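# What shape does this take:
(chains A and B)
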Amino acid sequence: MSKLQKFKESQFFGLLLLVFIAFVFWAIFKILAPETFGDFNKLQTYLKTALYYAVGGCGLYFICVMGPFDMSVGANIVLSSVLAVNMSKHFGYAGLLIAPLISGLLVGLLNGIIYIKLRISSLIVTAGLSLVYEALSIYATNGKEAILAPSYRAFGDYPWNLVLALAAFFLCGFILKYTKIGTYTYAIGSNEVVAKNMGVNVDMYKVVGFVLCGLFVGIESILTISYGTSMTSASNLASMSRNFPPLMGTFFGLAFKKYGHPVVAIVIGEFIIQLLFQGFVALGAPTTIQNVVTGIVLLVIVTMTIKPVKGAVVK
Amino acid sequence: MSEVLLHAEEIDKNFGVTHAIDHVSLDFYKGEIHALIGENGSGKSTFTSCLTGIYHKDSGEFILNGRQINAKNQVDGNYQGVAIIVQEIGTLSGLSVAENIFLGKENEFTKYGVKNTNAMNKKAQELLNSYGFNYIKATDLIDKYNFEDRKLIEIVKATHFKPQVLVVDETTTALGEKGRKELFKVMKETKEDGRCVIFISHDLDEVIEQSDNISVLRDGVFISTVKSSEVNSDDLKKLMVGREMSNNYYRTDYNEKVSDEVVLKGENLTVPGEIDDFNIELHKGEIIGIGGLSECGMHEVGKALFGASYYRTGSVTLSDGTKINDIKTAIDHSIAYASKDRDNESLVINDTIQDNICLPSLEDLKRHHILHAKDEKAFAEKFAAQMSTKMQGVHQFMSALSGGNKQKVVLARWIGKNSDIVILDSPTRGIDVKVKADIYQMMDTMRKNGKSIIMISEEIAELLGMADRIIIMKDGRQNGEFKRSEDLKDTDLIAKMV
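Numbering: from 1, shown residues only, chains lettered A, B, ... in the order given. Model prediction:
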């Protein structure tokens, strides 16, 4: 293998590529909207949003690698956020931190167990359960907007949002690299039958994947409610739109998996998406155009990174 | 005779109504390579799968060194002293080489839930080096390595802990010369170490050469155990099939004139990294054999001619001037292709025999633009029966069939389609002698009926026995061409391969 080929397959190249893509988008929008886009303060704000989406993206990564999918992330965020507000009223920061973690874990556990027991598509299971979680959020708020008291909003800004997000990223990276869960996540995603023959309890580790997804979405909820300060309960699958921002980061993680640092890819990927969104806002482009261009750019980046082989089976 | 290492007592296994193993009792001795042979579907792989934890037996017991073992899965089997190297790929993409070697055994490197990845990588690299595979890096993603290297990694994975019983299940067909040498070395070391190898192969000469004793299974029933030094391949064929095999195994004609009519012409076919400037003219009623070492590019030729090679340059033209650049055009113009990778590229494995046979013929089966289930069933039954497919019915799922019967379904599909040009890549790979004879018979009949066949094969005897012309490839290029002749010897072909 040539030195260039080796370099192109190295972790450093993957990182460089991500940073380069981020820089290119920043530069383009900075040239087009020098006054309204991309100064240091604004970049901090973009990063703030990217951080909490990236935490959710870390959670989704566990199950997307294994093969299933979780459509209940949005409902989980809504439910965990309103419970965080409710519990913070009784237990202060302890309530704010612990309630969404427990709620997220339980949602993940329920998703996983029902998916395994019913043996039907995870899409259907989690979409169906989203309605249940949304209904629970309405019960928890009596249909009113849940507002986080100003005295408990430390995780909505620097440095505590960064501390919590970094802790989540390290936890995700650690689980993937230094525990059996990480190995088995990839093993199940590669070939369930072979993994089972090697003694991997596939059903159990799929449930573990859902639980971890729920846990990270719980952490995302802490950051979401702290930054946004209020949350309205949802119904009729209105929470679905919250599924997609973390998922975009997961796409980056999956695309850059081969470089060995999916968590970094999820974080920088979310930051790139934010640069795009905010760039269009700075240019005053209509939301529809923003969405079209962002969607296309995401597809182009992921396609160019994965470089799918002609004729390869993609599902 | 030396001491019994493994005793199988009345092992019994059913899959639905199929009695896969019927109360089989067998002894395996210390310091022995014990071959297990039989037709496809005879129960060899099921027997060893029950031993190693891939399947769970219905009744009976395995006694290893006087202690009953009952493996729940492969890793549990490893801890109980048995290991298996399987025919198809047994490593997992997305994991490192080290993670693959120790998959299921992470606890050996885990303390308080934390995996010592560095220690695992170090240990894996030491093992790879000890086998002489220094060029394989434990930290690399396994995806970086080709099929053969991944098989070598599997050998390390299955043998590094010195299992008492090592099962080698049809592994040699997946390996090239280098891989086979390594595998036979490991088998020899296992034997010399006083342990035992259970060796499954359809290559009877290889079986006789490598093993000490040979046990024969037929339809799930134990038939006999013989000493390898006291039998030849004809004796084994007789034991496997239950009767004398006909001498008409291959074609017997040598001077038949092939038609001058060219039905397919491939010119300057090139696929980067695979084949380089390949040219071929296939005549009506002709069988062309393409041979070479496994990595010589011959398998890509089949795909290139069928329009399934995505980076191909050059042209494939039919007698009417039609250019073949994609699969649909190929099928629409009566070209059939059976890939070497049967399970992944030829069959819809999670579907029924009926759907697999009918798939390319659905348009022909329509009546007034509507498909009728009755017609499909009748069609599938007719051609499955024509190929003597062993099955419970055409509604049986493909995944339940043995390798040979899967291949029969592939061939039934294309006979049903009545294709004029048939490209067969390794048509008898992993297939027993009886099915082989059926397939050769079918090819001969097709040839006589004016059908043209391109047979890509790693088996020299098959090329010599069946082809009108043989093209030998080396490093992606044509390196020799031979006409069918009684005087043509395997050494002539080998000289052009290496």
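# Which parts of the stretch 51-200 of chain A are strands?
A:145-147 (DSSP state E, counting those that start in this stretch).
# any chance you could map the helices in it?
Counting by DSSP state H, counting those that start in this stretch, the stretch 51-200 of chain A has helices at residues A:73-91, A:93-118, A:122-141, A:160-178, A:180-190, A:192-197.
# Tell me which other helices or strands the shortest one touches.
So the one you mean is helix A:192-197. If you count contacts as 3 or more C-beta pairs under 8 Å, 6 or more residues apart in numbering or on different chains; DSSP states H and E, helix A:192-197 packs onto helix A:180-190, helix A:202-228. For the C-beta atoms, the positions are set from N, CA and C on the backbone; glycine is no exception.
# Recalculate using a threshold of 6 Å.
Packing partners of helix A:192-197 (3 or more C-beta pairs under 6 Å, 6 or more residues apart in numbering or on different chains; DSSP states H and E): helix A:202-228.
# Return the residues in contact with residue A:219.
A:55, A:168 (C-beta atoms under 6 Å, 6 or more residues apart in numbering or on different chains).
# and what of residue B:371?
Counting by C-beta under 6 Å, 6+ apart, residue B:371 has no contacts.
# what about residue 120, how many neighbours?
By default, I'm working from chain A. Counted with other C-beta atoms under 10 Å in any protein chain shown, the neighbours of residue A:120 add up to 11.
# Sorry, I should have been clearer: chain B.
23.
# buried ones in the helix or strand hosting it?
Residue B:120 is part of helix B:117-130 when elements are defined by DSSP states H and E. Neighbour counts using 16 or more other C-beta atoms under 10 Å in any protein chain shown place B:117, B:120-121, B:123-125, B:127-128 of helix B:117-130 among the buried residues.
# before we move on, what about stretch B:434-450?
Per 16+ other C-beta under 10 Å, stretch B:434-450 contains these buried residues: B:434-440, B:442-444, B:446-447.
# how many neighbours does residue B:3 have?
Counted with other C-beta under 10 Å, residue B:3 comes out at 10.
# so what's the residue lying closest to it once chain neighbours are set aside scoring on pLDDT?
Closest residue to residue B:3 apart from its sequence neighbours, by C-beta to C-beta, 6 or more residues apart in numbering or on different chains: residue B:30 at 5.1 Å. The score at residue B:30 is 96. That number is its pLDDT.
# same thing with residue A:258?
pLDDT, residue A:258: 83.
# Need the phi and psi values for it.
phi -60, psi -20 (degrees, to the nearest 10).
# bridging residues for the closest residue to it other than its chain neighbours?
In this structure, residue A:258 finds its nearest non-sequential neighbour in residue B:141, 6.9 Å apart by C-beta to C-beta, 6+ apart. On the basis of DSSP bridges, residue B:141 is bridged to residue B:96.
# how much space between residue B:141 and residue B:66?
43 Å (C-beta to C-beta, to the nearest Å).
# Between these two, which is the more surrounded one?
Between residue B:141 and residue B:66, counting by other C-beta under 10 Å, residue B:141 is the more crowded of the two (19 against 9).
# Look up how far residue A:194 lies from that one.
16 Å.
# who are the neighbours in contact with the spatially most central residue of chain A?
Among the residues of chain A, the one closest to the centroid is residue A:57, at 1.7 Å (C-alpha atoms, centre = their mean). Shown in contact with residue A:57 (C-beta under 6 Å, 6+ apart): A:246, A:249-250, A:266.
# measure the nearest residue to residue B:249 once chain neighbours are set aside to residue A:240 for me?
Closest residue in space to residue B:249, ignoring its immediate chain neighbours: residue B:437 at 5.7 Å, by C-beta to C-beta, 6+ apart. The gap separating residue B:437 from residue A:240 is 60 Å, by C-beta to C-beta.
# do residue B:428 as well
Counting by C-beta to C-beta - residue B:428 and residue A:240 are separated by 53 Å.
# Just want to know which of the two has more residues nearby.
residue B:428 (22 against 17).
# Is chain B within reach of the worst-scoring helix or strand of chain A on mean pLDDT?
Ranking every helix and strand in chain A by mean pLDDT, DSSP states H and E puts helix A:287-306 at the bottom, with a mean of 76. No: judged by C-beta under 6 Å from any C-beta of the partner chain, helix A:287-306 makes no contact with chain B; its nearest approach is 12.6 Å.
# Using PDB, write out every CA atom in that helix.
Output in PDB follows, covering the C-alpha atoms of helix A:287-306 (Å, rounded to 0.1, in the frame of the first residue of the first chain):
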ATOM      1  CA  THR A 287     -36.700  28.000   5.200                       C
ATOM      2  CA  THR A 288     -37.700  25.700   2.300                       C
ATOM      3  CA  ILE A 289     -34.500  26.600   0.400                       C
ATOM      4  CA  GLN A 290     -32.500  26.100   3.500                       C
ATOM      5  CA  ASN A 291     -33.900  22.600   4.000                       C
ATOM      6  CA  VAL A 292     -33.400  21.600   0.300                       C
ATOM      7  CA  VAL A 293     -29.800  22.700   0.200                       C
ATOM      8  CA  THR A 294     -28.900  21.300   3.600                       C
ATOM      9  CA  GLY A 295     -30.400  17.900   2.700                       C
ATOM     10  CA  ILE A 296     -28.500  17.800  -0.600                       C
ATOM     11  CA  VAL A 297     -25.200  18.900   1.000                       C
ATOM     12  CA  LEU A 298     -25.700  16.100   3.700                       C
ATOM     13  CA  LEU A 299     -26.200  13.500   1.000                       C
ATOM     14  CA  VAL A 300     -23.200  14.700  -1.000                       C
ATOM     15  CA  ILE A 301     -20.900  14.700   2.000                       C
ATOM     16  CA  VAL A 302     -22.000  11.200   3.100                       C
ATOM     17  CA  THR A 303     -21.900   9.800  -0.400                       C
ATOM     18  CA  MET A 304     -18.400  11.200  -1.100                       C
ATOM     19  CA  THR A 305     -17.100   9.900   2.200                       C
ATOM     20  CA  ILE A 306     -18.500   6.400   1.900                       C
END
